[in-house]
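Trainee: what follows is a predicted structure for the sequence shown.
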Amino acid sequence: MFFLKKNMFFTLLLVLFFSGGCSSNTNEPIYSIDDAIESGDVIAEFFGEPIRSVYENEFKVENLEKIKDFMSGSINEFNISYFTNNGAFEKSKVMRIDNKFIFNKSNSILNSKGVYTCDNYDISTIGFSLTGCESDTGEDSWEVVVVPLNITMYREAHFK
């Protein structure tokens, strides 16, 4: 009996020892800006804390064509990838289903996470937003900013 316990103990030690060498490198990002570009996502990159970055115009948005295509009705969904300067990222999706707009937030970089069902969309110098929304927790929200914009980005997304 002692022999079995001793062998099980050494086997467990060996498994733990060798499995530790197989861990992944946590310094590598899971999803990068290059991945988002390759996937065709709208990309919002914040150069500071996200909310403060929006107020201080320290952010950049790429692939605004997707928003324009969504507003024109030529596509019914698009992905948004949010990246912060500290390496955090989030991937969300906007969909048009049965004259409703669904915003699926997996994290909380700009808004509370959850699924929002909304009545309409709006685009302004504040951003591309969904309006008349209700979250999956039942909370009403008049406006959910999906992609922040500045005046130059607004003109590019709305008028070009």
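Mentor: Thanks, I have the structure now.
Trainee: shaky segments in this structure?
Mentor: Residues of the chain meeting the criterion pLDDT under 70: 1-29, 106-112, 160.
Trainee: which stretches of it form helices?
Mentor: 2-20, 33-39, 50-55, 65-72, 151-159 (DSSP state H).
Trainee: which parts of the shortest one are buried?
Mentor: Applying a neighbour-count criterion of 16 or more other Cβ atoms under 10 Å, the buried positions in helix 50-55 are 50, 53, 54. (Glycine included, C-beta is placed from N, CA and C.)
Trainee: can I get that helix in PDB? Just the C-alpha atoms.
Mentor: The C-alpha coordinates for helix 50-55 follow below in PDB (Å, rounded to 0.1, in the frame of the first residue of the first chain):
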ATOM      1  CA  PRO A  50     -11.200  55.200 -22.900                       C
ATOM      2  CA  ILE A  51     -13.800  57.700 -21.600                       C
ATOM      3  CA  ARG A  52     -11.200  60.400 -21.000                       C
ATOM      4  CA  SER A  53      -9.700  59.600 -24.400                       C
ATOM      5  CA  VAL A  54     -13.000  60.400 -26.100                       C
ATOM      6  CA  TYR A  55     -13.400  63.700 -24.300                       C
END
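Trainee: and it, what does it pack against?
Mentor: Helix 50-55 sits against no helix or strand, with contacts defined as 3 or more Cβ pairs under 8 Å, 6 or more residues apart in numbering; DSSP states H and E.
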